[in-house]
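# heads up, no residue letters with this:
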Ligand SMILES: C[S@@+](CC[C@H](N)C(=O)[O-])C[C@H]1O[C@@H](n2cnc3c(N)ncnc32)[C@H](O)[C@@H]1O
């Protein structure tokens, strides 16, 4: 097993792939004015947000590049009676080939970092109708003076991570109006993400090979860092309007 395979083994049956919660998704929807129409979920993971958006009346295309997540979402959509409302598609977020102004809503929980904040929101903008909303959650600095340990960790993990204020400035510079920002509570990190991940670590540590040990050590380090410095960085939800 490679370290990357070990990483996926830890992550595949977690409830979600980034900090978040149904409460936060609902809150962000409300801040966005409970939009209707067509939504594109970008980097949807197992699609917890997609399911909620569909339940709230949006037609959803859910996209990711990890097919097992899309298969899981498809099963969940059928079970929830949303088969006609959620379509899944295996396509990369840097190759979204929909015509300009196809969507009323772009939704990206914990996935913009894959392209980097500016490239993501800039390249996705053409997909949005004028007046449409982009809702994205992104890991940001919450302080101007992070501790050395936190700074060093993120210098490796996400070197271009911005402060929440800088992320807003980048959005404004790229032609978005800022409707709202919302810092996700610590419970969004633990209840459905780090908590289940800790249990997974404990189970998989029992007969871990070298790669699995490496993946577990790295996951534990990340969790410990948040436990120590969770007031210095966090996930922030950005509710942006295409002007
Ligand atoms: C941190 S997870 C967030 C998933 C989900 N939105 C959530 O909140 O649970 C990032 C997701 O992006 C997907 N991903 C990675 N690279 C991608 C790419 N180039 N295009 C689309 N999705 C990608 C991963 O498979 C993963 O599901």
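That came through fine. As the structure is a computational prediction, the values presented were derived from the model and not from experiment. Residues are numbered from 1 along each chain as shown.
# does residue 158 touch residue 139 like I think?
Yes - with contacts counted by CB atoms under 8 Å, residue 158 reaches residue 139, the gap being 6.4 Å. (Each C-beta comes from the backbone N, C-alpha and C, glycine too.)
# show me which of those two is the more surrounded one.
residue 139 (22 against 16; other CB atoms under 10 Å).
# secondary structure element for that one?
Using DSSP states H and E, residue 139 sits within strand 128-141.
# which SSE is immediately downstream of that strand?
Downstream of strand 128-141 (by DSSP H and E), the next one is helix 148-157.
# give me the helices and strands touching that next one, please.
helix 210-229 (3 or more CB pairs under 8 Å, 6 or more residues apart in numbering; DSSP states H and E).
# return the list of helices and strands in contact with the helix it packs on.
Using 3+ CB pairs under 8 Å, 6+ apart: helix 210-229 touches helix 3-11, helix 148-157, helix 195-205.
# those helices: which one's closest to residue 235?
Of all the helices and strands packed on helix 210-229, it is helix 148-157 that lies closest to residue 235, at 13.1 Å by CB to CB.
# the closest residue to residue 101 other than its chain neighbours: neighbour count?
Distances taken as CB to CB, 6 or more residues apart in numbering place residue 129 nearest to residue 101, at 4.6 Å, with adjacent residues excluded. Counted by other CB under 10 Å, the residues lying close to residue 129 total 15.
# please report how far residue 129 lies from residue 40.
In this view, residue 129 and residue 40 are 11 Å apart by CB to CB, to the nearest Å.
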